[in-house]
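Chemist: This is the structure alone, sequence omitted:
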């Protein structure tokens, strides 16, 4: 008796579809329609030609990136930094979310949460300035403290080796508060009966965390990580640019695709070349997400995104 | 996860991916008919005199923050314009903080405006080549800007031409671009140091301060903003050796007195190597902050509070600094020194400041008439340059002024686009700066390549990569952060070769030869 089909589904789910409509429109207008502009990556952009009238120039726009000799280094840096950020930030976020959840004192929980959340609202420009005042060789707080204790100054801005660690720390400092709230929401959604039953059976706090909380968090973790993986070839420009700036000494360890392209193209303002760089990142990101999703599927079919 | 949830996630996923694909793409589609070809846009010259019977509204784009009293001044201007050319003008400001991004965008989006500030450092060549500006010809100028045509020396017009075509009305004002240093005279006398007039005496000054004044950075540099040279390079590397870079983004230079215009890589000269030794010595002796490359502070502000003892800049800016310091911080005594006094002095070419007309302007005739007034009508020039008499400035005689009651409310933006012989001079402008300028004026050296502009369209890839190499290998080397100069220099040169410096130099040489042959 079941009449299934596109139209009947349309009628059946009309309320849900209506609710979806704004989001669909948003993405059509701001993502799909502008996407046609990807042709710019293969064009010599001129104002009179516009997006579609400009002459094609094949792969010329990609040359600057691949002939720079830095393509591999910056691509690797971008991916490694993002992998580090994903791992460190997610582990910390989950840990903090669980801690907040387990802390009984509501008052303490609120204060802690707010304080962790604050850095998220500080712009990278400001963070960069704070970092400069902490790390500067001449008057930075760290070096002032070191000299008061009679120790040698450390030259942070001229030592590339410190930076991977510093950047991971700064990224975590900024991201933990925000991410932990998402995980906290997921934890709050876990059925409390399970905890009650566990408590009756005599499970301690750690058993509760490892046997109930974490397994229930897996779907959330996987979705958030998969979404993050799609962006793995996109450096956080605001972060890298404001923390490192144009300090050439650090580039070997800190230069990501976005900052490299920014420096190369600010003076020439070539729309085609910057589109080419963006296109390159998108293609890499797309391939990575396909692989990541494939891997998740193999491991557990239900948890993959698609 | 059930099926429905999954498919909506697929959707979300796809959408997220796609939204990442594109960032830099405005919806400006199709072939808008930009008429950068002069024939179709030249105003019809059938009627004998300029027709101003119809009232028009012009829109003018200027660089800089919107001054507090701009509405006041421009409504005053509009009253006068209405009378003179039956037009009013509305001004849009592109703030200093992001004008570099917005400037190309308003062309790309074909926004509706008639006039815009431009300069050799503000996209003049770039936009002219891309067709953003209306080409101006002699007939138009003679007809709609007769005063400008009469007052502007021919050389200024020639300097503003790109491939023999003119796209801007340049300013009409001599500026010398050689740099000087501003330093603390009170500190110099405190340590009984000799007068600063060479790179050696200057190094001596910097090192003495580094050794004796804890808490003061001797030389303030702000390499963090993407400049590809040491801040003393223009003086010590270019002017002192009579070298000149063709394009500041690239290390290719020629000798000022070499009429053949033979190009070379400035990093490969023995003069550069010597200078590296000089810089290294200064860096090792605390001449500037170890973190100069990362410096985020405003140097002039640091100098005013006594944290920095010297910096290098153009004479005009430094002159104003001096005037400002005498007003605000009388306890610190500053002075100006030319540390390459024997060098040839170079005048800014006319494209240093100017105004262009948008290629899609509907009223190019009236726009030119406005420019004519801005540059040559005493009343309008005074009003737009200095504001309202009594409020923002007080006229002193014909060519001087003093600050009015609120000079700060009409300042800080690029009204220099119509600098002209009518400019007034601030009475408070220090005499020393004026003396230096007057000493330079007869020494101004003109050379054939003065107006040469490099067209990088064939070597964009290489130019982009060379810029990156200069920031990454050149800047740390020049600021003495790299310990082994010889190795640093070898690295720099090798990296430049890999980035394609030779190809760029060849292309540039071809263009230079063709330019000189004309």
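Modeler: Cool, got the structure. Given the structure is predicted, the values throughout are model-derived calculations rather than measurements. Numbers count the residues shown, from 1 in each chain, chains lettered A, B, ... in the order given.
Chemist: only C-alpha atoms for contact and neighbour calcs from this point on.
Modeler: Will do.
Chemist: what about the chain, any weak spots by pLDDT?
Modeler: By default, I'm working from chain A. Residue ranges of chain A with pLDDT under 70: A:1-4, A:47, A:267-269.
Chemist: other chain: chain B
Modeler: Using pLDDT under 70, chain B drops low at B:1-50, B:223-226.
Chemist: hmm, try it at 50
Modeler: B:1-2, B:15-48 (pLDDT under 50).
Chemist: Spell out which helix or strand contains residue 283, please.
Modeler: Since you didn't name a chain, this refers to chain A. helix A:271-299 (DSSP states H and E).
Chemist: look at chain B instead
Modeler: helix B:270-284.
Chemist: in the helix holding residue A:283, what's buried?
Modeler: Across helix A:271-299, burial judged by 16 or more other C-alpha atoms under 10 Å in any protein chain shown covers A:271-282, A:284-286, A:288-290, A:292-294, A:296.
Chemist: now stretch B:115-124
Modeler: Burial within stretch B:115-124, assessed by neighbour count using 16+ other C-alpha under 10 Å, is assigned to B:115-120, B:122-124.
Chemist: Residue A:90 reaches residue A:179, doesn't it?
Modeler: Yes. Using C-alpha atoms under 8 Å, residue A:90 is in contact with residue A:179, at 7.5 Å.
Chemist: and residue B:241, how far is that from chain A?
Modeler: For residue B:241, the distance to chain A equals 27 Å [C-alpha to the nearest C-alpha, to the nearest Å].
Chemist: before we move on, the earlier item: is the helix holding residue B:283 in proximity to chain A?
Modeler: No. Using C-alpha under 8 Å from any C-alpha of the partner chain, helix B:270-284 stays clear of chain A, coming no nearer than 13.2 Å.
Chemist: got the buried residues of stretch B:115-124 as a markdown table, with secondary structure columns?
Modeler: Formatted as a markdown table, the buried residues of stretch B:115-124 follow (DSSP: H, G, I helix; E, B strand; the rest coil):
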| residue | secondary structure |
| --- | --- |
| B:115 | strand |
| B:116 | strand |
| B:117 | strand |
| B:118 | strand |
| B:119 | strand |
| B:120 | coil |
| B:122 | strand |
| B:123 | strand |
| B:124 | helix |
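Chemist: Which single one of those residues is nearest to residue B:512?
Modeler: residue B:120 (17.9 Å; C-alpha to C-alpha).
Chemist: how much space between the closest one and residue B:371?
Modeler: Note on residue B:120: its distance to residue B:371, by C-alpha to C-alpha, to the nearest Å, is 19 Å.
Chemist: who touches residue B:387 in this structure?
Modeler: B:73, B:393, B:410 (C-alpha atoms under 8 Å, 6 or more residues apart in numbering or on different chains).
Chemist: could you redo the last one with a cut-off of 10 Å?
Modeler: Applying C-alpha atoms under 10 Å, 6 or more residues apart in numbering or on different chains to residue B:387 gives the contacts B:69-70, B:72-74, B:76-77, B:380-381, B:393-394, B:404, B:407, B:409-411.
Chemist: Return the subset of these lying in helices.
Modeler: B:70, B:72-74, B:76-77, B:380-381 (DSSP state H).
Chemist: Just the buried subset of those residues, please.
Modeler: Taking 16+ other C-alpha under 10 Å as the criterion, what is buried in the ones in helices among the contacts of residue B:387 is B:70, B:73-74, B:76-77, B:380-381.
Chemist: Wait, residue B:92 touches residue B:113, no?
Modeler: Yes. In terms of C-alpha atoms under 10 Å, residue B:92 counts as a neighbour of residue B:113; the distance is 9.1 Å.
Chemist: So between those two, which is more surrounded?
Modeler: It is residue B:113, of residue B:92 and residue B:113, that has more neighbours when counted by other C-alpha atoms under 10 Å in any protein chain shown, with 23 against 16.
Chemist: Can you get me a residue count around residue B:243?
Modeler: Look at residue B:243: counted by other C-alpha under 10 Å, it has 22 neighbours.
Chemist: Can you report phi and psi for it?
Modeler: As for residue B:243, its main-chain torsions (degrees, to the nearest 10) stand at phi -90, psi 160.
Chemist: same deal with residue A:235?
Modeler: Reported as degrees, to the nearest 10, the phi and psi values for residue A:235 are phi -70, psi 150.
Chemist: Packing partners of whichever strand or helix holds residue A:207?
Modeler: Assessed by DSSP H and E, residue A:207 sits inside helix A:205-208. For helix A:205-208, the packing partners by 3 or more C-alpha pairs under 10 Å, 6 or more residues apart in numbering or on different chains; DSSP states H and E come out as helix A:192-200.
Chemist: if we look at the helix it packs on, which residues are touching it?
Modeler: For helix A:192-200, contacts defined as C-alpha under 10 Å, 6+ apart pick out A:201-205, A:207-209, A:211-213.
Chemist: Mind doing that once more with 8 Å?
Modeler: Contacts with helix A:192-200, where a contact means C-alpha under 8 Å, 6+ apart, come from A:208, A:212.
Chemist: Just to check, residue A:276 is in contact with residue A:44?
Modeler: No. Checked against C-alpha under 8 Å, the pair residue A:276 and residue A:44 is beyond contact range at 11.1 Å.
Chemist: Can you work out which residues contact both of those two?
Modeler: The contact sets of residue A:276 and residue A:44 overlap at residue A:61 (C-alpha under 8 Å, 6+ apart).
Chemist: Residue of the stretch 101-250 of chain A closest to chain B, please.
Modeler: Residue nearest to chain B within the stretch 101-250 of chain A (C-alpha to the nearest C-alpha): residue A:248, separated by 3.7 Å.
Chemist: So which residues on the stretch 1-150 of chain A come close to chain B?
Modeler: Taking C-alpha under 8 Å from any C-alpha as the contact definition, the stretch 1-150 of chain A meets chain B at A:27, A:30-32, A:34-35, A:37-38, A:46-53, A:61, A:63-65, A:67-69, A:129, A:132, A:136-138.
Chemist: Now the spatially most central residue of chain B: phi and psi?
Modeler: Per C-alpha atoms, centre = their mean, the C-alpha nearest to the average position across chain B is that of residue B:121, at 4.4 Å. Per-residue torsions, residue B:121: phi -100, psi 0 (degrees, to the nearest 10).
Chemist: What is the burial count for residue A:65?
Modeler: The local packing of residue A:65 (other C-alpha under 10 Å) involves 25 other residues.
Chemist: wait, what's in contact with the one residue in the stretch 351-500 of chain B that gets nearest to chain A?
Modeler: Closest to chain A within the stretch 351-500 of chain B is residue B:472: 3.7 Å, counting by C-alpha to the nearest C-alpha. Contacts of residue B:472 were listed using C-alpha under 8 Å, 6+ apart, and they are A:246-249, A:251.
Chemist: change it to 10 Å
Modeler: When contacts are counted by C-alpha under 10 Å, 6+ apart, residue B:472 is found next to A:246-252, B:228, B:466, B:492, B:495.
Chemist: Ok, residue B:338 next?
Modeler: By C-alpha under 10 Å, 6+ apart, the contact set of residue B:338 is B:178-182, B:196-199, B:202, B:235, B:312, B:315, B:436.
Chemist: Fine, thanks again, bye for now.
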